[in-house]
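*Asks:* fold the following.
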Amino acid sequence: MLDLPPVAVEALVGSGYLVPARIGKSGPELPLSDVKAFLARNADNGAGADMITAALAATTGAAAPAPDSQVELDPQELLDALDGRASEMARRAFQIFATVFPEAEGWTLRQQTSFIEQARGRFEAILAVTEQGADVDAALFDDLREVGASAARSGSPLPQLLVILRISRDLVVQTAIELAESGGRHAGLALSLVLTRILPAMDRLTDALAQGYWEATLGREEEALARYRHVVERASDGVYEADLDGRISYANASFAVIVGRRLSGLFGARLSEVIRPIDPSGTVDELLTVEPHAPVVHLVVARADGVRRLLSIQPSPRREGGELVGYQGIVRDETVEEELEADRAEFAALLRNDLRGPLATIVGLGATLESHADEMSPSHAAAVGRSIRTQVERVSRLADDLSDISRLQTSRLRLYPRPVEVRPIVDAALGSVSRDGRSTAADVTIQVPPGLNALADPRRLEQIVANLVDNALSHGAPPVTVRASANGDEVRITVADCGPGVAADAAPGLFAGRATPTRLQQARSSDRDRGLGLTLVRGLAEAMGGRVWYEHDETETRFVLAVPAPVRGT
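*Replies:* I've put the predicted structure just below:
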């Protein structure tokens with residue numbers, strides 16, 4: 001098949017171009033597939049056999065010596081001559097490339113010049129590797145890997161790059177033969193050099209380019225995967241993955257906030273335990289779908305803290321290699337949109353109730369001043385002035401709360417959570433709460449250990465604590481206590497008082513921001529007057545990745561705020 005004498009085949013085996021399956025009694029035994037591959041690489045229908053024979057004959061001495069009129073070409077002289085033909089080979093490389101890829105004919109002159117310059121650089125690199133052999137500078141291969149990496153980053157296909165390398169390989173071989181045979185000199189030693197040095201050098205160049213190409217490709221894929229993970233982790237929509245048993249294997253932070261659970265407590269929990277429809281007949285079976293384009297599922301659910309939410313869920317199956325391995329979904333909280341009209345009426349009612357008290361006080365005190373100012377002592381007039389100022393400050397806070405609620409609902413309120421010490425935040429919050437012109441800090445007991453840190457926006461955390469303390473002082477009964485402690489991966493701040501709490505039917509609506517005007521009118525006044533403050537508390541808590549809830553027992557009433565604890569080391 002090779003049309004070569006045994007000694008030539010042994011030379012090919014010795015130089016590594018053919019790898020025997022084993023060495024038999026009569027010599028190396030070669031796999032048939034390897035022989036066919038060797039012929040395909042080195043000849044067209046056997047046309048290259050004479051070249052191989054001549055090269056191997058020069059190496060092994062199997063052929064007759066060349067005539068005296070011919071002289072061997074020195075290998076270094078051949079390499080120098082090839083180096084001088086690098087520019088010519090580069091131009092020929094473009095011509096051949098344009099034949100294989102006709103679109104190159106439409107390149108601009110600048111693009112063609114750039115291709116030729118790069119090709120010339122490749123030929124010089126080939127000859128440098130050939131000349132230096134095993135001692136070639138590692139920096140050269142680093143450069144070649146970078147060439148491959150640049151090709152991957154620019155989107156150049158690897159097959160096109162390999163075609164360019166094959167063209168370069170063939171041109172070096174062809175030019176070496178032309179140089180060797182010019183002036184009557186025969187090509188034996190030159191072709192031996194091609195087989196034993198230039199072609200291995202090309203293999204090393206190809207390996208370096210391919211390595212750089214695939215390293216960059218894999219790096220780009222890893223970068224894209226990291227970017228995708230970042231987007232999913234920071235998404236405002238909830239994202240979950242569940243196994244075939246419906247147990248959650250992944251969830252992002254937004255999903256935990258939407259369902260009112262701690263993120264660490266979600267993993268391994270059943271989807272049916274986390275997403276609980278209010279309707280007893282409702283199930284989450286629709287979320288465990290095998291349909292690739294399943295319809296959106298709308299569910300009204302009760303969170304772990306009792307809050308009602310309307311969820312829009314886009315479920316889909318998760319497959320690997322065409323096999324079902326689990327389920328996934330994107331969850332959006334549409335409660336605000338669904339109840340927007342009701343919320344407007346609710347806010348109007350809450351605003352009327354919250355403003356009625358301070359405005360009535362201001363009007364009454366103003367009328368008193370108008371009618372009896374001449375009869376008042378200076379101390380009485382000062383007390384009336386303090387009361388008016390206190391009520392005006394209360395109205396101002398209500399206006400600020402309403403503005404913050406609006407910004408929360410439109411996602412325009414920016415929060416900047418960072419590790420902060422809780423005790424100074426509580427002290428500042430108590431200092432901002434006043435009654436009849438005096439600070440109420442002395443009326444509140446603080447039980448917060450020093451050095452306890454939370455991951456929160458300090459200004460908004462102070463606002464939450466101030467609202468909860470104001471709520472306890474206004475609607476509860478003394479003593480009022482602020483407690484804080486670490487609890488796993490979160491910090492809990494509790495504002496407790498000894499008041500009767502709220503009516504059982506009013507408790508679910510305390511933080512939900514929802515109640516019909518009829519329910520609002522029927523609720524007792526102490527429950528109605530809690531108003532916007534608690535709605536804002538819930539919104540701020542959730543915006544910081546936390547939660548808030550109401551508790552009551554025989555001894556006290558408690559409003560509990562939980563915010564994330566800082567990650568260790570931050």
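*Asks:* after the helix ranked longest in the chain, which helix or strand is next?
*Replies:* The helix spanning the most residues in the chain, taking DSSP state H as the definition, is helix 199-234. As assigned by DSSP states H and E, the chain's next helix or strand after helix 199-234 is strand 238-242.
*Asks:* if you count neighbours, what's buried in that following strand?
*Replies:* By 16 or more other C-beta atoms under 10 Å, the buried positions in strand 238-242 come out as 238-240, 242. Every C-beta, even on glycine, is put in place using the N, C-alpha and C of the backbone.
*Asks:* same for that strand, what does it pack against?
*Replies:* With contacts taken as 3 or more C-beta pairs under 8 Å, 6 or more residues apart in numbering; DSSP states H and E, strand 238-242 sits against strand 248-251, helix 253-259, strand 323-333.
*Asks:* for the longest helix of the chain, packing partners?
*Replies:* Helix 199-234 packs on helix 109-132, helix 138-153, helix 158-181, going by 3+ C-beta pairs under 8 Å, 6+ apart.
*Asks:* what pLDDT is listed against the nearest residue to Ile116 once chain neighbours are set aside?
*Replies:* Leaving aside its sequence neighbours, Ile116 sits nearest to Ala90 (C-beta to C-beta, 6 or more residues apart in numbering; 4.7 Å). At Ala90, the model reports a pLDDT of 88.
*Asks:* wait, Ala90 touches Glu117, no?
*Replies:* Yes - with contact defined as C-beta atoms under 8 Å, Ala90 counts as touching Glu117 (7.4 Å).
*Asks:* between the two, which is the more surrounded one?
*Replies:* Ala90 (21 against 11; other C-beta atoms under 10 Å).
*Asks:* list the contacts for that one?
*Replies:* 116-117, 119-120, 123 (C-beta atoms under 8 Å, 6 or more residues apart in numbering).
*Asks:* in CSV, list these along with pLDDT and distance to Val296.
*Replies:* Shown next, in CSV, are the contacts of Ala90 (pLDDT from 0 to 100; distance: C-beta to C-beta, whole Å):
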residue, pLDDT, distance to Val296
Ile116, 88, 57
Glu117, 88, 56
Ala119, 83, 56
Arg120, 85, 59
Phe123, 80, 60
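*Asks:* nearest to Leu30, of those?
*Replies:* Nearest to Leu30 among the contacts of Ala90 is Phe123, at 32.7 Å by C-beta to C-beta.
*Asks:* how far off centre is stretch 317-324?
*Replies:* Put simply, stretch 317-324 sits 22 Å off its chain's centre (C-alpha atoms, centre = their mean, to the nearest Å).
*Asks:* now stretch 452-470
*Replies:* On the basis of C-alpha atoms, centre = their mean, stretch 452-470 sits 30 Å off its chain's mean C-alpha point.
*Asks:* so which bits of it are buried?
*Replies:* By neighbour count with 16+ other C-beta under 10 Å, stretch 452-470 contains the buried residues 453-458, 460-470.
*Asks:* would you confirm that Gln540 contacts Ile464?
*Replies:* One thing to correct before we go on: residue 540 is Leu, not Gln. Yes - when contacts are counted by C-beta under 8 Å, Leu540 is listed as touching Ile464 (5.4 Å).
*Asks:* ranges for the helices of the stretch 451-570 of the chain?
*Replies:* 458-475, 517-522, 525-528, 531-543 (DSSP state H, counting those that start in this stretch).
*Asks:* what's the least confident stretch among the ones you listed?
*Replies:* Least confident of the helices of the stretch 451-570 of the chain, judged by mean pLDDT, is helix 517-522 with a mean of 35.
*Asks:* which stretch among the helices and strands packed on strand 238-242 comes nearest Gly476?
*Replies:* Among the helices and strands packed on strand 238-242, helix 253-259 comes nearest to Gly476, with 28.1 Å by C-beta to C-beta.
*Asks:* who does the longest strand along the chain pair up with?
*Replies:* Criterion DSSP state E: the longest strand present in the chain is strand 308-320. In the sheet, strand 308-320 lines up against strand 297-302 (antiparallel), strand 323-333 (antiparallel) (DSSP bridges).
*Asks:* got the domain ranges for this protein?
*Replies:* According to automatic domain parsing, the chain comprises the domains 65-225, 238-335, 341-564.
*Asks:* where exactly do the helices run in the stretch 1-150 of the chain?
*Replies:* For the stretch 1-150 of the chain, the helices defined by DSSP H, counting those that start in this stretch occupy 6-14, 32-42, 49-60, 75-84, 86-100, 109-132, 138-153.
*Asks:* so the fifth one versus helix 109-132, what angle?
*Replies:* Orientation note: helix 86-100 sits at an angle of 120 degrees relative to helix 109-132 (axes from the mean of the first three to the mean of the last three C-alpha atoms, to 10 degrees).
*Asks:* next, the angle from helix 86-100 to helix 158-181.
*Replies:* 130 degrees.
*Asks:* buried stuff in helix 86-100?
*Replies:* 86, 89-90, 92-94, 96-98.
*Asks:* what is the nearest of these to Gln111?
*Replies:* Phe94 (10.1 Å).
*Asks:* now do the contacts for the closest one.
*Replies:* Each residue near Phe94 by C-beta under 8 Å, 6+ apart is listed here: 104, 112, 115-116, 119.
*Asks:* how about JSON lines for those residues, with neighbour count and distance to Ile388 added?
*Replies:* Listed next are these as JSON lines, based on neighbours: other C-beta atoms under 10 Å; distance: C-beta to C-beta, whole Å:
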{"residue": "Ala104", "neighbour count": "15", "distance to Ile388": "85"}
{"residue": "Gln112", "neighbour count": "15", "distance to Ile388": "85"}
{"residue": "Phe115", "neighbour count": "19", "distance to Ile388": "84"}
{"residue": "Ile116", "neighbour count": "19", "distance to Ile388": "87"}
{"residue": "Ala119", "neighbour count": "23", "distance to Ile388": "88"}
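*Asks:* which residue packs closest to Ser387, ignoring adjacent ones?
*Replies:* Distance criterion C-beta to C-beta, 6+ apart; nearest residue to Ser387, sequence neighbours excluded, is Leu365 at 5.6 Å.
*Asks:* any weak-confidence spans in the stretch 51-200 of the chain?
*Replies:* Across the stretch 51-200 of the chain, the ranges flagged by pLDDT under 70 are 51-75, 129, 131-141, 143-144, 147, 151, 154-161, 180-200.
*Asks:* apply 90 and report the result again.
*Replies:* Per-residue confidence of the stretch 51-200 of the chain (counting by pLDDT under 90) places the weak regions at 51-107, 109-112, 114-200.
*Asks:* can you check the stretch 401-550 of the chain too?
*Replies:* 401-417, 428-443, 459-460, 463, 466-467, 470-478, 488, 499-545.
*Asks:* all strands of it, in order?
*Replies:* Here the stretch 401-550 of the chain has its strands, by DSSP state E, counting those that start in this stretch, at 418-421, 434-435, 438-439, 444-447, 453-456, 480-487, 490-497, 547-552.
*Asks:* so which of the ones you listed is nearest Ile275?
*Replies:* Smallest distance to Ile275 across those (C-beta to C-beta): 16.5 Å, for strand 547-552.
*Asks:* hey, C-alpha coordinates of that closest one in PDB?
*Replies:* This file holds the C-alpha atoms of strand 547-552, laid out as PDB (Å, rounded to 0.1, in the frame of the first residue of the first chain):
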ATOM      1  CA  ARG A 547     -39.000  40.100  57.000                       C
ATOM      2  CA  VAL A 548     -41.300  41.300  59.800                       C
ATOM      3  CA  TRP A 549     -44.200  39.700  61.700                       C
ATOM      4  CA  TYR A 550     -46.500  40.100  64.600                       C
ATOM      5  CA  GLU A 551     -46.700  37.900  67.700                       C
ATOM      6  CA  HIS A 552     -49.000  38.100  70.800                       C
END
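*Asks:* ok, residues contacting that strand?
*Replies:* 257, 260, 305-306, 464, 501-502, 507, 510-511, 537-538, 541, 557-562.
*Asks:* no further questions, thank you.
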